[in-house]
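>>> sequence plus predicted model, see below.
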Number of protein chains: 2
Amino acid sequence: MSTSPLRVHQPEAAEAQSLGDRAYYRIRELIVTLELPPGSIVSERELQDRLGLGRTPVREALQRLERECLVEVYPRRGIFVANVNVLDLAVLSEVRRAVESFAARLAAERSTEADREQTRALIAELEELTASADERRLIELDQRIHRHLWRCAHNPFLEATLDEYYVLSLRIWFLALGRTRRLEEAVREHLELLEAVLHGDPDRAEAAMARHVTGFERAIREVL
Amino acid sequence: MSTSPLRVHQPEAAEAQSLGDRAYYRIRELIVTLELPPGSIVSERELQDRLGLGRTPVREALQRLERECLVEVYPRRGIFVANVNVLDLAVLSEVRRAVESFAARLAAERSTEADREQTRALIAELEELTASADERRLIELDQRIHRHLWRCAHNPFLEATLDEYYVLSLRIWFLALGRTRRLEEAVREHLELLEAVLHGDPDRAEAAMARHVTGFERAIREVL
DNA sequence: TGACCCCGTGTTGCATGCAACAAACGGGAC
DNA sequence: GTCCCGTTTGTTGCATGCAACACGGGGTCA
């Protein structure tokens, strides 16, 4: 599992981060990939040993994760990986549908030529992918596509907000991993979405993203 | 100044919070109300003395504020209150316009009877207020209105996200304090907004909120 | 006069120790 | 057997100490 090619995106710096940041990204990945499953207990001490880090960085990371609803801290009792229920999925998808759609609209309006270059590259990747549908690879690509679109929107606040929501969604996706059967759909949705952004069609991009998020929600809910 | 009736809303618990939370809310208020002006340097040590708290809670608060773009930490050099420029206002308002509008739509769709009761109370307050227009009182009321609407939307993620954005906007409002001249407008906008929510008219609520955020942005930009 | 170096001071990053509290356990009384 | 209570263990909240680094000032040398 730890040799899996799949990773929750760890931004930019390979090394340059503080220990607190590194702890954050590593623990977050453990949670999102379900290596630390929902409801499980995690103590600061255990994470210190597991990550080979001191207590301060681990604590910083956990506080951050708490604010992002990935763990729940019960003072002097323990820390638990947040549970997931179908209601969360609805509430979360509702916000994502609105905000991601808006970002897609902006992306269609604001893509620079460099942005479009990358968009074309992603489209090419998508077209190659269709046949050999490995879901983990699809997750990784989905992630890259969303992140790319956020950047194309050229609004850092939006980017940060969507990243937070995306991580929560991604964990739910992992819960459903292997039981969903809509890869082709997803690919088609992405293609239309990217085409719309590439051609600077905000309405179509917004609608395509809304459909994509809705489709994602439905597919997950079916098997959750 | 510290006796001002105006406060950045400090959620629920009067006492029950941890020291870290208390440090967070107090420092945030200092920053939003410009008692710690943009660009000024704040050291952990100084805040410890000022708040009478230890270093750990202060550090936790500062890290949180850094993630929310209220301070900037330069490792081993110092911590600065984030600067504000007109570009930030545009980028921020853009997101707020989209997300607050969406929340207003949901509020119109989902208000419970208890919610409507409070909405009516806020409308009454607004109508009384019109004459004696004290801007600080207006800020306080604006804040209560927005928070109320978020709650009416019944989506905790949305609420948290909008709170974060609102605080950033509020600081900018403080920067322009006393130089804006659109109180009547704001009141009218709020009235229409609340009426639309009260009567369960999502389209009108959404549009009213979009106008409100846009109007706010323009009014501030004029004097910034 | 100007450039350079050394070192003192201030800052944050991180480790660690102590305290407060919550739960679990065990023994005793009934 | 059951209930109650003291103790023990584990957990996080917070304070504090040390280290690494950045900057500034003063002195030196050219």
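Thanks, I have it.
>>> can you list contacts of the helix or strand of chain A with the lowest mean pLDDT?
The helix or strand with the lowest mean pLDDT-type score in chain A, counting by mean pLDDT, DSSP states H and E, is helix A:183-198 (a mean of 88). The set of residues that contact helix A:183-198 without belonging to it, under C-beta atoms under 8 Å, 6 or more residues apart in numbering or on different chains, is A:104, A:107-108, A:111, A:116, A:119-120, A:122-123, A:126-127, A:129-130, A:133, A:135, A:138, A:142, A:145, A:149, A:152, A:204-205, A:208-209, A:211-212, A:215-216, A:219. Glycine gets a C-beta too; all of them are placed from N, C-alpha and C.
>>> make it 6 Å
Helix A:183-198 is touched from outside by A:107-108, A:116, A:119, A:122-123, A:126, A:130, A:133, A:138, A:145, A:204-205, A:208-209, A:212, with contacts defined as C-beta atoms under 6 Å, 6 or more residues apart in numbering or on different chains.
>>> one more: stretch A:64-74?
Among residues not part of stretch A:64-74, those counted as contacts by C-beta under 6 Å, 6+ apart are A:Tyr24, A:Ile31, A:Ile79, A:Phe80, A:Val81, A:Ala82, A:Glu164.
>>> of those, which is the most crowded?
Comparing the contacts of stretch A:64-74 by number of neighbours (other C-beta atoms under 10 Å in any protein chain shown), A:Ile31 comes first, having 24 neighbours.
>>> so that residue lies in a helix, does it not?
Yes. For A:Ile31, which was evaluated using DSSP: H, G, I helix; E, B strand; the rest coil, the result is membership in a helix.
>>> quick check: it vs A:Thr112, distance?
When C-beta to C-beta, to the nearest Å is applied, the distance between A:Ile31 and A:Thr112 equals 35 Å.
>>> also A:Arg22?
Using C-beta to C-beta, A:Arg22 is found at 32 Å from A:Thr112.
>>> same check, this time on A:Pro38
From A:Pro38 over to A:Thr112 the distance is 40 Å, taken as C-beta to C-beta.
>>> neighbour-wise, which of the two wins?
Neighbours of A:Pro38 and A:Thr112, each counted by other C-beta under 10 Å, are more numerous for A:Pro38; the result is 16 against 11.
>>> can you list contacts of the helix or strand where A:Gly215 lies?
Taking DSSP states H and E as the definition, A:Gly215 sits inside helix A:202-223. Contacts of helix A:202-223 with the rest of the structure, by C-beta under 6 Å, 6+ apart, involve A:93, A:96-97, A:100-101, A:104-105, A:108-109, A:172, A:176, A:179-180, A:182, A:189, A:192-193, A:196-197.
>>> what angle do it and helix A:183-198 make?
With axes from the mean of the first three to the mean of the last three C-alpha atoms, to 10 degrees defining the directions, helix A:202-223 sits at 160 degrees from helix A:183-198.
>>> name the residues of helix A:202-223 that are buried.
A:202, A:204-214, A:216-217, A:219-220 (16 or more other C-beta atoms under 10 Å in any protein chain shown).
>>> output it as PDB, restricted to C-alpha atoms.
Backbone C-alpha positions of helix A:202-223 (Å, rounded to 0.1, in the frame of the first residue of the first chain) are rendered in PDB as follows:
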ATOM      1  CA  PRO A 202     -18.000  29.500 -19.300                       C
ATOM      2  CA  ASP A 203     -21.600  28.400 -19.400                       C
ATOM      3  CA  ARG A 204     -20.800  25.000 -20.700                       C
ATOM      4  CA  ALA A 205     -17.800  24.600 -18.400                       C
ATOM      5  CA  GLU A 206     -19.900  25.500 -15.400                       C
ATOM      6  CA  ALA A 207     -22.700  23.100 -16.400                       C
ATOM      7  CA  ALA A 208     -20.200  20.300 -17.100                       C
ATOM      8  CA  MET A 209     -18.600  20.700 -13.700                       C
ATOM      9  CA  ALA A 210     -22.000  20.700 -12.000                       C
ATOM     10  CA  ARG A 211     -22.900  17.500 -13.800                       C
ATOM     11  CA  HIS A 212     -19.500  16.000 -12.900                       C
ATOM     12  CA  VAL A 213     -19.900  16.700  -9.200                       C
ATOM     13  CA  THR A 214     -23.400  15.400  -9.200                       C
ATOM     14  CA  GLY A 215     -22.500  12.300 -11.000                       C
ATOM     15  CA  PHE A 216     -19.700  11.700  -8.600                       C
ATOM     16  CA  GLU A 217     -22.000  12.000  -5.700                       C
ATOM     17  CA  ARG A 218     -24.600   9.700  -7.100                       C
ATOM     18  CA  ALA A 219     -22.000   7.100  -8.000                       C
ATOM     19  CA  ILE A 220     -20.600   7.100  -4.500                       C
ATOM     20  CA  ARG A 221     -23.900   7.100  -2.800                       C
ATOM     21  CA  GLU A 222     -25.000   4.000  -4.700                       C
ATOM     22  CA  VAL A 223     -22.300   1.900  -3.100                       C
END
